[in-house]
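In: got a structure for you, letters missing:
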Ligand code: AMP
Ligand code: GLY
């Protein structure tokens, strides 16, 4: 079959690579793709907000399945429009994507169905006085979240009343997130290890992939600002088989069934962000798509046919045996441009990419651009240097990823040095 993959990040490079060996795949179009995805298909520059044009493209090229990488088009309803035109989609409908697009929707769903999550209160813009009064009663730190998507900047961990008030003012008075900040969730601050778990769902059944741990902060030791993710590893030892079963029973299954009951059956990858508290796992966020960089470490750990998994999910009858965890481990270190997640420079030539010829390393492209055969930086997160080994040995996987990074250079390269260390510490290694 012919497939369109939408997106241009490291996540999409990982998806393109993972499905490239599928026996089901004829042609792959990546819209718009990046210099990394072009080894697996044709990068096509289409403005994905022009869904009518995308539909025309799919029809002309006999595209049977569209896999949507990023959340924005899903939240805006791309899946609905494609489905109306008889094109199958791996990715949820607009209604189901509210699980990421409206935090209030996710929180209320979890409350209604007793799905463990941080306790919270929801406020509208008209309730300014009420929210400030409430902030006098909460324990600190507390967590303030803009309701809508805010380019990864909508969550503030406020250490005290003054910073909490500032976060509320930014949303309700400064309108820094526009309509995304018209409602806010004020949430209990949870303590524990974080984990990211992907459930591939056909609307009622699902397959869980190995759990990963993302490193969201910019600096080592989880210091500094939140980013899209500075690295990840999988599988994380913090989520053992027993815990996976528990999460499946008390979080994932009830969520998938709840969405089905509400007539917004969830088809696609449901990303569940968890904090493993002493009271058990609790949800801190759902995303309506694969995580980035978690996808870069999770997908290479699967044996089988990943496209078959996506396609059967999109058809509403998932083949639960399409893939299996292969027993390996993987560490991805993001090479970023200095300044990220704030301002940074672009257009720096990247050196050393061709010197890396190891079977146990994948260099994912994210913010890169090709010009006359040379590769240049073109974004905040530039590359994902990723080791993939056959055994579950994170020490080795970490060593390989960092050894590889020694060979890669661009002006202003920055990366964290401690990706996977939380696991190594817990495993006493
Ligand atoms: P998000 O933008 O939703 O990915 O959240 C960013 C980060 O904020 C998460 O990765 C967590 O580290 C942190 N966070 C979000 N909610 C909570 C919470 N209720 N308690 C503690 N940390 C949280
Ligand atoms: N790495 C976090 C995310 O994809 O949302």
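Out: Yep, it's here. Here the structure is a predicted model, which is why all the values come from computation and not from measurement. Ligands and ions are numbered 1, 2, ... in the order given.
In: Give the helix, strand or coil label for the closest residue to residue 211 other than its chain neighbours.
Out: Spatially, and ignoring its direct neighbours in sequence, residue 211 is nearest to residue 239 (3.7 Å; Cβ to Cβ, 6 or more residues apart in numbering). The way it works is simple: take the backbone N, C-alpha and C, and place the C-beta from them, glycine included. The assignment at residue 239 comes out as coil when based on DSSP: H, G, I helix; E, B strand; the rest coil.
In: what sits against residue 239?
Out: Contact partners of residue 239, counting by Cβ atoms under 8 Å, 6 or more residues apart in numbering, are 195, 197, 211, 247, 276.
In: what do you get for residue 82?
Out: Counted by Cβ under 8 Å, 6+ apart, residue 82 has contacts 51, 54-55, 58, 66, 88-89.
In: separation between it and residue 329?
Out: Relative to residue 329, residue 82 is positioned 36 Å away (Cβ to Cβ, to the nearest Å).
In: Neighbour count for the contacts of residue 82 - can I get that in a markdown table?
Out: Shown next, in a markdown table, are the contacts of residue 82 (neighbours: other Cβ atoms under 10 Å):
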| residue | neighbour count |
| --- | --- |
| 51 | 18 |
| 54 | 25 |
| 55 | 19 |
| 58 | 23 |
| 66 | 25 |
| 88 | 22 |
| 89 | 23 |
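In: picking up where we left off before, among the contacts of residue 239, which are in strands?
Out: 195, 197, 276 (DSSP state E).
In: The second one contacts residue 246, correct?
Out: No. Applying Cβ atoms under 8 Å as the test, residue 197 and residue 246 come out as separate, 11.5 Å apart.
In: the more surrounded of these two?
Out: Between residue 197 and residue 246, counted using other Cβ atoms under 10 Å, residue 197 has the larger neighbour count: 27 against 15.
In: Spit out the contact partners of that one.
Out: Residues in contact with residue 197 (Cβ under 8 Å, 6+ apart) are 208-209, 211-212, 239, 244, 247, 252, 271-272, 274.
In: can you check residue 84 too?
Out: By Cβ under 8 Å, 6+ apart, residue 84 has no neighbours at all.
In: Which pLDDT value does the model give it?
Out: On pLDDT, residue 84 comes in at 97.
In: next one: residue 428
Out: 81.
In: what's the answer for residue 154, then?
Out: 89.
In: Flag every residue of the stretch 201-350 of the chain that's near ligand 1.
Out: When proximity is defined as Cβ under 6 Å from any ligand atom, the stretch 201-350 of the chain approaches ligand 1 at 216, 226, 273, 275, 284-285.
In: Quickly list what residue 67 is bridged to.
Out: Counting by DSSP bridges, residue 67 forms beta bridges with residue 5, residue 90.
In: all strands of the stretch 301-429 of the chain, in order?
Out: Along the stretch 301-429 of the chain, the stretches classed as strands by DSSP state E, counting those that start in this stretch are 302-304, 323-325, 329-337, 361-365, 368-371, 374-377, 381-389, 413-414.
In: Save these as TSV, and put in mean pLDDT and mean neighbour count too.
Out: Formatted as TSV, the strands of the stretch 301-429 of the chain follow (pLDDT from 0 to 100; neighbours: other Cβ atoms under 10 Å):
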stretch	mean pLDDT	mean neighbour count
strand 302-304	98	15
strand 323-325	97	16
strand 329-337	98	28
strand 361-365	98	24
strand 368-371	97	17
strand 374-377	98	19
strand 381-389	98	27
strand 413-414	98	18
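In: Tally up the residues packed near the closest residue to ligand 2 within the stretch 251-400 of the chain, please.
Out: Residue nearest to ligand 2 within the stretch 251-400 of the chain: residue 291 (3.4 Å; Cβ to the nearest ligand atom). Counted with other Cβ under 10 Å, residues neighbouring residue 291 total 23.
In: Isn't it up against residue 198?
Out: Yes. With contact defined as Cβ under 8 Å, residue 291 counts as touching residue 198 (7.2 Å).
In: overlap in contacts of those two?
Out: In contact with both residue 291 and residue 198: residue 271, using Cβ under 8 Å, 6+ apart.
In: Give the helix, strand or coil label for residue 3.
Out: strand.
In: going forward, begin numbering at 7 instead of 1
Out: Renumbered: residue one is now 7, and that last one reads residue 9.
In: Could I get the contacting residues of it?
Out: So residue 9 contacts 25, 31, 33-35, 69-73, 313 (Cβ under 8 Å, 6+ apart).
In: Which member of the residues you listed is positioned nearest ligand 2?
Out: Among the contacts of residue 9, and counting by Cβ to the nearest ligand atom, the member closest to ligand 2 is residue 73, at 15.9 Å.
In: isn't that closest one right up against residue 17?
Out: No. Between residue 73 and residue 17 there is no contact under Cβ under 8 Å: 10.7 Å.
In: can you tell me the residue of the stretch 107-256 of the chain closest to ligand 2?
Out: For the stretch 107-256 of the chain, Cβ to the nearest ligand atom, closest residue to ligand 2: residue 235, 3.3 Å.
In: can you tell me which residues contact that residue?
Out: Contacts of residue 235 by Cβ under 8 Å, 6+ apart are 220-222, 297-300, 340, 387.
In: go again using 7 Å as the cut-off
Out: 220-222, 298-299, 340 (Cβ atoms under 7 Å, 6 or more residues apart in numbering).
In: same check, this time on residue 432
Out: So residue 432 contacts 243-244 (Cβ under 7 Å, 6+ apart).
In: same thing with the one 3 residues further on?
Out: Contacts for residue 435 (Cβ under 7 Å, 6+ apart) come out as residue 401.
In: For residue 283, see how far away it is.
Out: With Cβ to Cβ as the criterion, residue 435 and residue 283 are 24 Å apart.
In: Which positions in this protein make contact with ligand 2?
Out: Taking Cβ under 6 Å from any ligand atom as the contact definition, the chain meets ligand 2 at 220, 234-235, 293, 297-298, 300.
In: between those, which is closest to residue 193?
Out: For these, the residue nearest residue 193 by Cβ to Cβ is residue 293; the value is 16.3 Å.
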